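Engineer: What follows is a predicted protein model with its sequence.
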Amino acid sequence: MKTWITSDLHFGHERIKIFCPKTRERFNDVEHMNESMIVEWNALVQPEDLVYILGDVAFTPTQDAIKILKRLNGDKILIEGNHDRKHLKNENFRNCFKEIHNYLDIVYNKTKVVMFHYPIAEWDQMFRGSVHFYGHLHGNPSGLEQYRARDVGMDATGNIVTLLDHAIADALKGQPKSHY
């Protein structure tokens with residue numbers, strides 16, 4: 001079993017190519033984007049794997065989002081993003097996830113990991129070396145890049161999903177953020 005992390009997939013988002021041309025220009029249109037992303041996901045993520053999605057799964061009608069999620073391999077844990085709120089009112093959408101959180105912190109291979117859709121200036125145990133993963137910015141600078149904080153979104157990494165071990169190793173290259 002592998003553990004993955006991602007954010008801001010924006011399945012079905014017609015205009016995401018305009019906002020994120022660097023990572024989305026390879027897609028002819030939104031249908032091509034959706035299908036290509038599903039194929040990429042399932043080539044990496046196996047049915048027994050776990051994926052943390054840090055929000056903004058889809059920008060499409062809820063029923064379409066559900067159909068896409070059901071085609072994606074692995075157990076999915078959602079950390080709610082601003083574009084998920086409408087979908088989360090639907091029980092069938094919620095049932096696509098093993099868990100749903102607004103904010104989540106875990107210990108993974110002895111590293112404290114703090115996950116939130118948005119970048120936050122301070123996170124639990126940051127001065128002791130914990131890492132913070134977020135999305136929302138689509139690769140735009142957060143001002144946190146020197147620290148142990150990383151945008152794990154598809155448009156920031158260029159990857160549909162990233163192994164959590166690799167994301168942590170990269171974040172640990174940053175310096176712990178002091179409290180004061």
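Structural biologist: Sure, I can see it.
Engineer: C-alpha from now on. contacts and neighbour counts both.
Structural biologist: Fine.
Engineer: leaving aside the residues next to it on the chain, what's closest to Glu99?
Structural biologist: Spatially, and ignoring its direct neighbours in sequence, Glu99 is nearest to Ile77 (4.9 Å; C-alpha to C-alpha, 6 or more residues apart in numbering).
Engineer: do the same with Lys86
Structural biologist: Nearest to Lys86 is Thr62, by C-alpha to C-alpha, 6+ apart, at 7.9 Å.
Engineer: Check the spacing between the one you found and Ser36 real quick.
Structural biologist: Distance, Thr62 to Ser36, by C-alpha to C-alpha, to the nearest Å: 20 Å.
Engineer: Looking at these two, which one has more neighbours?
Structural biologist: Thr62 (18 against 14; other C-alpha atoms under 10 Å).
Engineer: Tell me who's in contact with that one.
Structural biologist: Contacts for Thr62 (C-alpha atoms under 8 Å, 6 or more residues apart in numbering) come out as Lys86, His87, Asn90, Phe93.
Engineer: Which of the three states applies to Leu104?
Structural biologist: In three-state terms, and counting by DSSP: H, G, I helix; E, B strand; the rest coil, Leu104 is strand.
Engineer: need the contact list for Thr3.
Structural biologist: The contact partners of Thr3, taken as C-alpha under 8 Å, 6+ apart, are Asp49, Leu50, Val51, Tyr52, Leu163, Leu164, Asp165.
Engineer: check which helix or strand covers the third one.
Structural biologist: If you go by DSSP states H and E, Val51 is part of strand 50-53.
Engineer: list the helices and strands that strand packs on?
Structural biologist: strand 3-6, strand 75-79 (3 or more C-alpha pairs under 8 Å, 6 or more residues apart in numbering; DSSP states H and E).
Engineer: after it comes which helix or strand?
Structural biologist: Downstream of strand 50-53 (by DSSP H and E), the next one is helix 62-71.
Engineer: list the helices and strands the lowest-mean-pLDDT helix or strand in the chain packs on?
Structural biologist: Lowest by mean pLDDT, DSSP states H and E among the helices and strands of the chain is helix 16-19, with a mean of 86. Identification of packing neighbours for helix 16-19 by 3+ C-alpha pairs under 8 Å, 6+ apart yields helix 21-24.
Engineer: For burial, what's the neighbour tally of His83?
Structural biologist: Neighbours around His83, by other C-alpha under 10 Å: 17.
Engineer: ranges for the helices of the chain?
Structural biologist: 16-19, 21-24, 30-44, 62-71, 91-94, 154-157, 164-171 (DSSP state H).
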